[in-house]
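**Q** here's a sequence, model it:
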Amino acid sequence: MTAMSSTPTEYDVIVIGGGPAGENAADYAIAGSDRTAAIVERELVGGECSYWACIPSKALLRPGHVLGAARAMDGISATGLDVEAVLRRRDSFVSDHDDTSQVKWAGDHRIEVVRGTGKLVGERLVEVDGRVLRARHAVVLATGTTASVPDVPGLRDALPWISRDATNLHEVPGRVVIIGGGVVACEAATWLNALGAQVSMVVRGGAVLASAEPFAGERVVAALTERGVRVLLDTSPTSVHRPDAKDTGEGRIHGGPVTVRVHGAQGDTELEADEIIVAAGRAPATGGLGLDSVGLKEGYVPVDDRLTVRDVDGDWLYCVGDLNHRAALTHMGKYQARVCGDVIAARAEGRPLDDPRFTASADHGQVPQVVYTAPEVASVGLTEAAARDAGHAVETVELDISVAGSALARNDFAGHAKLVIDTATDTLLGATFVGPEAGEQLHAATIAVVGKVPLATLWHAVPAFPAVSEFWLRLLETRRA
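**A** Coordinates of the predicted model:
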């Protein structure tokens, strides 16, 4: 057991977790002031998103998207992907797992990086490997989540990859089995297939991307299947076997291929692969965080709309990002962090909290998200089912995206759009777009949802010609008819 230092080092704000949410919370809490801040990080400053999730996965996905667009355009010769070059580009985006630039950013913003594992040891007190830090104003929890591995017989012994391993591979396996049907699973299947792997997905439920509009998952499955991915819906793994699998601590050594036995509508089946990827959900990273020292239970940390942790007195403890379980997306964690930092700053300076920027509202039914499959799935706000479950009176309009701009964009353009409209206010509750580069169409819908723009006003938001966004006009015309 490490002996704790007797005299705490003091900062105005201490953030445990140096991912994007933690960085933003620290920055906003001290910006334009003489306050001090520290970020406690046990791995790399920049966090999961920068090195193991969003950034490397999108770096791996983009070349396949570009290749698909080139092959769908007359006059362009597109032969394929240079896998080694794709991986080198991925490495450049994750800075070869060197966080020097992020540490410099922190220093330039007067944020001290404290290396080590941080845990709460009392009110405003954080221990980092035996050293005690005291926060004058606030402690912010931003440790995120970790990948969950289901209790399937033999699965852990087979040394499966989680998303971290997949996005940081150095050789593309010939055959891959992916367990899961969510965003991580669908994106991994997309880029692995584009890089030449033979991919099988084992999906416990009857659809992928189950929280999206049904047509979104259906179109993603159809596209994956057309490219040769085997998608097994309503199927569960029952056992996994890999002979002589072992980990030396310096890298995995596998004794042979992995065999995955699954059960589905067609009975029992065996899948054989070179690697198995588990993308079956996330769990809160609170192990060893010391929540019990301030009266909290292990698990997700609930907060109010100022990101202040519930059930802790004194308005000193905050939680941002995946750990508070409001919206597990990097951009929403950063949004929460901006609100959180502003709240900390206002409270430190004795200012009132009556400005809307001191209240996190966008993560209540206004969350934008892009799934970077091919086609992309872009959505914001509520689906039709979620809106009806919430008690809204709704109508919907939807159509295939087919305008001059989409035809010009690529020969094989295929997309679909749907709006969910609150009939009581004539405003948008949600929108979902599926198609090539659909994510680039999303922000207009986000503004309409967040701003509660009446559809009568949207009539006067004229889409440029010949842009793909002209489908907005077609949606409004469909509703008018």
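**Q** got the phi/psi numbers for residue 139?
**A** The phi/psi pair for residue 139 (degrees, to the nearest 10) reads phi -120, psi 130.
**Q** equivalent analysis for residue 393, please.
**A** phi -90, psi 120.
**Q** burial of it, as a residue count?
**A** 11 (other C-beta atoms under 10 Å). All C-beta atoms are positioned from the backbone trio N, CA, C, and that covers glycine.
**Q** give me the spatial nearest neighbour of it, chain neighbours excluded.
**A** Nearest in space to residue 393, with sequence neighbours left out and distances taken as C-beta to C-beta, 6 or more residues apart in numbering, is residue 423 at 4.8 Å.
**Q** element containing the nearest residue to residue 52 once chain neighbours are set aside, please.
**A** Nearest residue to residue 52, sequence neighbours excluded (C-beta to C-beta, 6+ apart): residue 164, at 4.2 Å. Residue 164 is part of helix 163-167 when elements are defined by DSSP states H and E.
**Q** packing partners of that helix?
**A** When contacts are defined as 3 or more C-beta pairs under 8 Å, 6 or more residues apart in numbering; DSSP states H and E, helix 163-167 sits against helix 54-71, helix 183-194, strand 275-278.
**Q** pLDDT on the shortest one, on average?
**A** Okay, so that is strand 275-278. For strand 275-278, the mean pLDDT works out to 96.
**Q** next secondary structure after that strand?
**A** Next along from strand 275-278, by DSSP H and E: strand 282-284.
**Q** ok, residues contacting that next one?
**A** The set of residues external to strand 282-284 that reach it, using C-beta atoms under 8 Å, 6 or more residues apart in numbering, is 143, 145-148, 298-301, 322-323, 325, 328.
**Q** recalculate using a threshold of 7 Å.
**A** 145, 146, 147, 148, 299, 300, 322, 323, 328 (C-beta atoms under 7 Å, 6 or more residues apart in numbering).
**Q** make a ChimeraX selection of the buried ones in those residues.
**A** Here is the ChimeraX command that selects the buried residues among the contacts of strand 282-284 (16 or more other C-beta atoms under 10 Å):
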select :145,146,147,300,322,323,328
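**Q** go through the contacts of strand 282-284 and name the one nearest residue 112.
**A** Closest approach between those and residue 112, by C-beta to C-beta: residue 323, at 21.9 Å.
**Q** before we move on, back to that, distance of the residue nearest to residue 393 from residue 388?
**A** Applying C-beta to C-beta, to the nearest Å, the value for residue 423 to residue 388 is 12 Å.
**Q** mutual contacts of these two, please.
**A** residue 394.
**Q** run through the stretch 51-200 of the chain and note the low-pLDDT ranges.
**A** Applying pLDDT under 70 to the stretch 51-200 of the chain picks out no residues at all.
**Q** show me the strands in it, by range?
**A** Per DSSP state E, counting those that start in this stretch, the stretch 51-200 of the chain carries strands over the ranges 111-115, 118-122, 125-128, 131-141, 145-147, 175-179, 198-202.
**Q** let me have the ones you listed in JSON lines, extended by distance to residue 213.
**A** Formatted as JSON lines, the strands of the stretch 51-200 of the chain follow (distance: least, C-beta to C-beta, whole Å):
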{"stretch": "strand 111-115", "distance to residue 213": "41"}
{"stretch": "strand 118-122", "distance to residue 213": "40"}
{"stretch": "strand 125-128", "distance to residue 213": "43"}
{"stretch": "strand 131-141", "distance to residue 213": "33"}
{"stretch": "strand 145-147", "distance to residue 213": "25"}
{"stretch": "strand 175-179", "distance to residue 213": "22"}
{"stretch": "strand 198-202", "distance to residue 213": "20"}
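**Q** which one of those lies nearest to residue 446?
**A** Nearest of those (C-beta to C-beta): strand 145-147, 24.1 Å.
**Q** quick revisit: got JSON lines for the contacts of strand 282-284, with distance to residue 50 too?
**A** Output for the contacts of strand 282-284, formatted as JSON lines (distance: C-beta to C-beta, whole Å):
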{"residue": "145", "distance to residue 50": "15"}
{"residue": "146", "distance to residue 50": "16"}
{"residue": "147", "distance to residue 50": "17"}
{"residue": "148", "distance to residue 50": "22"}
{"residue": "299", "distance to residue 50": "25"}
{"residue": "300", "distance to residue 50": "23"}
{"residue": "322", "distance to residue 50": "14"}
{"residue": "323", "distance to residue 50": "17"}
{"residue": "328", "distance to residue 50": "16"}
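**Q** identify, from the contacts of strand 282-284, the entry nearest to residue 350.
**A** Set against residue 350, the nearest of these by C-beta to C-beta is residue 323 (28.3 Å).
**Q** quick one: secondary structure of the closest one?
**A** Under DSSP: H, G, I helix; E, B strand; the rest coil, the three-state class of residue 323 is helix.
**Q** give me the distance between it and residue 357.
**A** From residue 323 to residue 357 the distance is 22 Å (C-beta to C-beta).
**Q** same check on residue 384?
**A** 31 Å.
**Q** the two: who's more crowded?
**A** residue 384 (21 against 11).
**Q** the more buried one against residue 421, yeah?
**A** No - Residue 384 is beyond contact range of residue 421, at 9.8 Å (criterion: C-beta atoms under 7 Å).
**Q** now do the contacts for the closest residue to residue 479 other than its chain neighbours.
**A** Distances taken as C-beta to C-beta, 6+ apart put residue 397 closest to residue 479, at 4.3 Å, once the chain neighbours are dropped. By C-beta under 7 Å, 6+ apart, the contact list for residue 397 reads 419, 475, 478, 479.
**Q** and the pLDDT at the most centrally placed residue in the chain?
**A** The chain has residue 329 as the residue nearest its centroid, 3.8 Å off, counting by C-alpha atoms, centre = their mean. Note for residue 329: predicted pLDDT of 96.
**Q** ok, it - contacts?
**A** 367, 369.
**Q** cool, the one 5 residues further on as well?
**A** Applying C-beta under 7 Å, 6+ apart to residue 334 gives the contacts 20, 21, 24.
**Q** tell me which residues touch the last one, please.
**A** When contacts are counted by C-beta under 7 Å, 6+ apart, residue 24 is found next to 334, 337, 338, 341.
**Q** ok, and the most crowded of the residues you listed?
**A** The most crowded member of the contacts of residue 24, judged by other C-beta under 10 Å, is residue 337 (29 neighbours).
**Q** can you show me the CA trace of the helix or strand harbouring that residue as PDB?
**A** Per DSSP H and E, residue 337 falls inside helix 330-348. C-alpha atoms of helix 330-348 as PDB (Å, rounded to 0.1, in the frame of the first residue of the first chain):
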ATOM      1  CA  THR A 330     -17.500  12.400 -27.500                       C
ATOM      2  CA  HIS A 331     -19.100  15.600 -28.800                       C
ATOM      3  CA  MET A 332     -21.800  15.400 -26.100                       C
ATOM      4  CA  GLY A 333     -19.100  14.800 -23.400                       C
ATOM      5  CA  LYS A 334     -17.300  17.900 -24.600                       C
ATOM      6  CA  TYR A 335     -20.600  19.800 -24.600                       C
ATOM      7  CA  GLN A 336     -21.300  18.800 -21.000                       C
ATOM      8  CA  ALA A 337     -17.700  19.800 -20.100                       C
ATOM      9  CA  ARG A 338     -18.200  23.300 -21.500                       C
ATOM     10  CA  VAL A 339     -21.300  23.700 -19.500                       C
ATOM     11  CA  CYS A 340     -19.600  22.200 -16.400                       C
ATOM     12  CA  GLY A 341     -16.600  24.400 -16.800                       C
ATOM     13  CA  ASP A 342     -18.700  27.500 -17.100                       C
ATOM     14  CA  VAL A 343     -20.700  26.500 -14.000                       C
ATOM     15  CA  ILE A 344     -17.500  26.000 -12.000                       C
ATOM     16  CA  ALA A 345     -16.200  29.300 -13.100                       C
ATOM     17  CA  ALA A 346     -19.400  31.100 -12.200                       C
ATOM     18  CA  ARG A 347     -19.700  29.500  -8.800                       C
ATOM     19  CA  ALA A 348     -16.000  30.300  -8.100                       C
END
